[in-house]
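Colleague: Need a 3D model of the sequence below.
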Amino acid sequence: MSNYVFVYGTLMSSRTNHCFLGSSRLISAGTVESLAMYDVTPYYPGVVEEEGSFVRGEVYEVSGKTMRSLDRLEGNGYMYLREMFPVRLGDGSSVEAWVYVWRHGLTGPKVPLEAQPWRECVGCS
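Modeller: Presented below is the predicted three-dimensional model:
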């Protein structure tokens, strides 16, 4: 069984933590409905459930070993909680993919859909 993961921040291609995906295969760009993105720190975003909102990102097919590595990186169960969501792919089809959902309060601004996918490090040099 394939593991699909939807990434929307530092794990995206050409971002700082993309290397954690190793040789995982990029499936497509994608969009998740009923999630909203926030700048939870100046260095990375988080998503939370919010009706009427959308998040853009990328879907990767990952191995079980890579999934466990991502769980450690994302602090699964502490910082983020890995949950399954339907993701609309670029060709109009859908897949079920794991998404890391932020578990803490929101202190930063919402990232509107037109400003997505998330840019690297807001406010950094």
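
Colleague: Mind giving me the packing neighbours of the worst-scoring helix or strand of the chain on mean pLDDT?
Modeller: Least confident element among the helices and strands of the chain, by mean pLDDT, DSSP states H and E: strand 110-111 (a mean of 94). Secondary-structure packing of strand 110-111 (3 or more CB pairs under 8 Å, 6 or more residues apart in numbering; DSSP states H and E): strand 25-39. Where you see a C-beta, it was placed from the backbone N, CA and C, and this is true even at glycine.

Colleague: Could you identify the longest strand within this protein?
Modeller: strand 45-62 (DSSP state E).

Colleague: What strands flank it, and is each parallel or antiparallel?
Modeller: strand 3-7 (antiparallel), strand 25-39 (antiparallel) (DSSP bridges).

Colleague: which of the residues in it are buried?
Modeller: Buried residues in strand 45-62, counted by 16 or more other CB atoms under 10 Å: 45-48, 53-62.

Colleague: Ok, stretch 105-120 next?
Modeller: Val111, Gln116, Pro117, Trp118.

Colleague: Across the sheet, point out what pairs with the first one.
Modeller: This means Val111. Counting by DSSP bridges, the residues bridging with Val111 are Met37.

Colleague: residue contacts, it?
Modeller: Met37, Tyr38, Asp39, Pro45, Trp118 (CB atoms under 8 Å, 6 or more residues apart in numbering).

Colleague: Let's have the residues you listed in JSON lines, adding pLDDT.
Modeller: Formatted as JSON lines, those follow (pLDDT from 0 to 100):
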{"residue": "Met37", "pLDDT": "96"}
{"residue": "Tyr38", "pLDDT": "95"}
{"residue": "Asp39", "pLDDT": "92"}
{"residue": "Pro45", "pLDDT": "93"}
{"residue": "Trp118", "pLDDT": "80"}
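
Colleague: With that, I have no additional questions.
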